[in-house]
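**Student:** my questions concern the predicted model and sequence given below.
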Amino acid sequence: MTKKYDGFKDFGKQLSKAANNSSGNVSFDKLFSEGFMAKHSNLKTIGEMFDKAGITIESEADFEALPEATLNSIVKQYTSFSSWEVMLGKAGEDYMANEIKKRLR
């Protein structure tokens, strides 16, 4: 079922509402979904990428302790991205687009 919108103004309100409802913290598993990882690597999960690189991530502190150069090296080796920042940005864009689409239905 598709929602009907009375003009561009109503659509803008719905889009804004959907975006606001989509903000907040997102787990790595949701941000780097299996679909995202399959599209941009030969791996199923973000955890698998770190496992293959010999990196153990058990907490947010473990992740934050990783040097950016290490993250960039892992991303370059196991994905189609040139850096962690580029991968993170694309994952965020895809996640937000999918969340907004869900809420506009």
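**Tutor:** Yes, it's here.

**Student:** burial of I57, as a residue count?
**Tutor:** By the measure other Cβ atoms under 10 Å, the count of residues near I57 is 17. Every residue, glycine included, has its C-beta placed from N, CA and C.

**Student:** kindly report the same for T56.
**Tutor:** T56, neighbours per other Cβ under 10 Å, totals 9.

**Student:** not counting sequence-adjacent ones, nearest residue to it?
**Tutor:** D62 (6.7 Å; Cβ to Cβ, 6 or more residues apart in numbering).

**Student:** that neighbour belongs to a strand?
**Tutor:** No: looking at D62 with DSSP: H, G, I helix; E, B strand; the rest coil, it is helix, so not inside a strand.

**Student:** quick check: it vs T70, distance?
**Tutor:** 12 Å (Cβ to Cβ, to the nearest Å).

**Student:** now for the residue nearest to T56, how many residues are close by?
**Tutor:** D62 has 12 neighbours, counted by other Cβ under 10 Å.
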